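Asker: Give me a 3D structure for the following:
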Amino acid sequence: MRALVIVAHPSPESFVSFLGSEVVAELQNSGHEIRHHDLWAEEFIPVFTAYERLNHVGDVEEKLKNLPELRQHVEDLQWCDALVLVYPTWWSGQPAMLKGWFDRVLMNGVAWVLPDGAARIRPLLTNVRRLVVVTTHGSSKFVNALEGESGKRTVFRSVRLMLHRRVRCEWIAMYGVDNATLSQREKFSSRVRRRIRRLE
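Answerer: Got it, this is the predicted structure:
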């Protein structure tokens, strides 16, 4: 399996960053090919620019000539058959850094296209057959359910539409992390490793 791992947390000392390293290590130990981006460590710029909006539809190669910082991200997406996202859930959704990655990298002509006269997009990342999310929530699962889990909907109802139509999705979430004990965190990290180990 060719796995692309995207980690989004500003602190390399955070539990989420630790989980990201666990995911990468488990994939490596299982013999998978891996490409990995830590968006904060790489100082990825999440701001969707005026140029990108004005050239929303257009030749991808031309856009990448003007946005060279996105080329490797695009190539990695087109290379992988598994996309693994590791991030904290803040304000019910993805951090702005990861949302900006969605905005900028999942571009027209790379992730999707809207054919003339069509009412629905046509996915272009049909190489991606596994979509995995590893995330943490400060509040309980009950509170998140009341709020509607908008971050989960963004990934599994929007990002998912750009992938293979039979993509298998996996949500690995720790709720109540703000009050979790060390033992609970260790138990969750073990769960993450087991779930990643089963990917195929």
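
Asker: how close does residue 169 sit to residue 84?
Answerer: With distances defined as CB to CB, to the nearest Å, the gap from residue 169 to residue 84 amounts to 11 Å. From N, CA and C alone the C-beta is placed, and that goes for glycine too.

Asker: Overlap of the contact sets of these two?
Answerer: The contact sets of residue 169 and residue 84 overlap at 132, 133 (CB atoms under 8 Å, 6 or more residues apart in numbering).

Asker: more neighbours, the two?
Answerer: When residue 169 and residue 84 are compared for neighbours, residue 84 comes out ahead with 25 against 14, by other CB atoms under 10 Å.

Asker: Could you count how many residues lie near residue 19?
Answerer: 26.

Asker: Would you mark the buried spots in whatever helix or strand it lives in?
Answerer: Secondary structure here is read from DSSP states H and E; on that basis residue 19 sits in helix 15-29. By neighbour count, and taking 16 or more other CB atoms under 10 Å as the criterion, the buried residues in helix 15-29 are 15, 16, 17, 18, 19, 20, 22, 23, 24, 26, 27.

Asker: so the first one sits right up against residue 182, yeah?
Answerer: No. Applying CB atoms under 8 Å, one finds residue 15 not in contact with residue 182, separated by 10.3 Å.

Asker: Quick check: the gap between the most centrally placed residue in the chain and residue 119.
Answerer: The centre of the chain sits closest to residue 85, judged by CA atoms, centre = their mean, with a distance of 3.3 Å. Here the distance between residue 85 and residue 119 works out to 28 Å (CB to CB).

Asker: Lovely, talk soon.
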